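Participant: When you get a sec, could you give me coordinates for this:
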Amino acid sequence: MTDKIRLSVIILFLIFVTGTLGYHLLEGWSFLDAFYTTIITLATVGYGDFHPVSLPGRLFTIFLVAFGVGAMAYSVTLVMENLVEGRIKKVLGRGKLEKKINSMKDHYIICGCGRMGYLISQELAREKVPFIVVEKDQAVIEKIEDEGLMYIRGSATEDRVLLSAGIERARGIVCVLPTDAENLYVILAAKELNPRIFILSRSVDEISERRLLKAGADRVMSPYVEGGMKMALAILRPAMLDFIEITTKRQSLELRMEEVDIGEGSPLAGKSLEASEIRHHYGLIIVAVKKESGQMIYNPSASYIIDKGDKLIALGEDGNLLHFTQECSRSGRLK
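Facilitator: Numbering: from 1, shown residues only. I've put the predicted structure just below:
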C-alpha cells in the first residue's frame, strides 16, 4: 500500500468515526443509525428518515458536511491519482522493458520462476549474466517486478512468447516448468526456433531425463537425484562434500572453481600448462579441461597443450580467478 492510499484510508476512517460518535453522543442514536446517517450525510443523499433535531446535532451536521465532504473528495482524489499515476508508470515501464528485451542478445531465458527458477535468476543476476524470465503467474510477476528483473508475462509453451523473449538471439534456455511434459514441449519448440541454442532442463525421474535428452536438451538435471546423492555424500564422505560446498558457493574462504574459455587469439592457445605458468602467476590449479568436442580431461598433466576452444576448470581464490579470466579474455600476452 502506497503512502497516498494509506493517507486516504486514514482520512476516511477518521471522518466516519467522527460522524458516528458525534451523532451517537449528541442525538443518542444507536451506533448503526449514527453510522447510517453519517453515510447519507456525506453522500449528500438525505433520505430524511434520520435527521438531527437538537441544536448541537444540527451544528455538528454543518461541520460534518463542510469538512467531511471536502475531506472525502480529497481522499478519493488521492486514490484516483495514485491509480492513474501507477498505471502510467506501469505502461511506460513496460515500454522501456520491451525495448530492452528487443535489444538483448546472447542472453538466457528462464522458463518458470518457481523456487528453482527464482534461485537460478538470483545467481545469474549476481554474476551479471543477461537473462529474461518467462512466467504467467501474476503474483510471481509482481515479485519479479519489485526486484527489477527482465521478464515476459505468458506461457513458455507458446511460440510467440518465446519469440518475444528473443529466443532466436538467445544463448541458452532453462526449462524449469512444473511438469516434464511442459519442459518437453519447450525443448522441442526451442530447438525448432533456434537449433543452436543451449538447453538446460529439469526432470522428475530418470525416464523423463532420457526423453528430454532425446528431445534435444543438452543437459538435464533432477533435483531429487542430485539432492539424494548430496545427502548420501554428507553421510559417507562429509569432508568431500565440504570441499564441494566451498568451491561451488560464495563463502568466507572465497575459494571456488570457475571455467575459463580459451577463445580466438588467447595468449594461452598452443602453450602447455607448464609453460603457461598459471599456477605460478595466479596461484590457480587446473583440475580439468573440457575440449570443444565435449571430451573431459581430468587432472591434465603439465605437458598438456592448451587448444583454442578449450574450457579450463580452474580452482583458486576468487580474486585470482577474476584476474585470470580478465587476462584470458584479452588478446596478447598474459601478465
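Participant: Quick check: closest non-adjacent residue to L177.
Facilitator: Spatial nearest neighbour of L177, excluding adjacent residues (CB to CB, 6 or more residues apart in numbering): G112 at 4.3 Å. For every residue, glycine as well, the C-beta is placed using N, CA and C.
Participant: what's the spacing between the one you found and K143?
Facilitator: According to CB to CB, to the nearest Å, G112 stands 13 Å off from K143.
Participant: just to revisit the earlier point, quick check, the residue nearest to L177 in contact with E135.
Facilitator: Yes - the criterion here is CB atoms under 8 Å, and G112 meets it with E135 at 6.7 Å.
Participant: Looking at G112 and K143, which is more packed in?
Facilitator: G112 (26 against 14; other CB atoms under 10 Å).
Participant: Check what pLDDT the more buried one gets.
Facilitator: pLDDT, G112: 93.
Participant: Also the one 4 residues further on?
Facilitator: In the prediction, the pLDDT value recorded for M116 is 91.
Participant: And for the one 10 residues further on?
Facilitator: Per-residue confidence (pLDDT) for R126: 87.
Participant: What of the one 3 residues further on?
Facilitator: What the model reports as pLDDT for V129 is 92.
Participant: For it, give me its contacts.
Facilitator: Contact analysis of V129 by CB atoms under 8 Å, 6 or more residues apart in numbering lists H107, Y108.
Participant: Same question for G227.
Facilitator: Neighbours of G227 in contact, by CB under 8 Å, 6+ apart: none.
Participant: again with V174
Facilitator: V174 touches Y108, I109, I110, C111, G117, I120, L200, S201, counting by CB under 8 Å, 6+ apart.
Participant: before we move on, what about L188?
Facilitator: Counting by CB under 8 Å, 6+ apart, L188 makes contact with A215, G216.
Participant: cool, and S121?
Facilitator: Listed by CB under 8 Å, 6+ apart, the contact partners of S121 are I110, C113, F131, V133, I144, L149.
Participant: Apply 6 Å and report the result again.
Facilitator: I110, V133 (CB atoms under 6 Å, 6 or more residues apart in numbering).
Participant: Can you check what pLDDT the model gives it?
Facilitator: Looking at S121, its pLDDT reads 93.
Participant: Now do the phi/psi pair for it.
Facilitator: phi -60, psi -40 (degrees, to the nearest 10).
Participant: and if you look at G316?
Facilitator: Here G316 shows phi and psi, under degrees, to the nearest 10, equal to phi 170, psi -170.
Participant: The closest residue to it other than its chain neighbours: how many residues sit nearby?
Facilitator: Among residues not flanking G316 along the chain, L284 sits closest, at 3.9 Å (CB to CB, 6+ apart). Counted with other CB under 10 Å, residues neighbouring L284 total 21.
Participant: can you start the count at 35 instead of 1 from here on
Facilitator: Happy to do that; since the first residue is 35 now, the last one works out to L318.
Participant: wait, L318 sits on E351?
Facilitator: No - with contact defined as CB atoms under 6 Å, L318 and E351 do not form a contacting pair (8.4 Å).
Participant: Adding distance to P334, secondary structure and neighbour count, write the contacts of V208 out as a markdown table.
Facilitator: Listed next are the contacts of V208 as a markdown table, based on distance: CB to CB, whole Å; DSSP: H, G, I helix; E, B strand; the rest coil; neighbours: other CB atoms under 10 Å:
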| residue | distance to P334 | secondary structure | neighbour count |
| --- | --- | --- | --- |
| Y142 | 29 | strand | 22 |
| I143 | 34 | strand | 28 |
| I144 | 33 | strand | 27 |
| C145 | 36 | strand | 28 |
| G151 | 35 | helix | 21 |
| I154 | 30 | helix | 20 |
| L234 | 26 | strand | 18 |
| S235 | 30 | strand | 28 |
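Participant: of these, closest to I45?
Facilitator: Distance to I45, by CB to CB, is smallest for G151 among those, at 41.8 Å.
Participant: Strands along the chain, start to end?
Facilitator: With DSSP state E, the ranges of strands along the chain come out as 142-145, 165-169, 185-187, 206-209, 232-236, 253-255, 289-295, 319-324, 330-332, 345-351.
Participant: Distance from the chain centre to the fifth one, please.
Facilitator: Computed by CA atoms, centre = their mean, to the nearest Å, the chain-centroid distance of strand 232-236 equals 18 Å.
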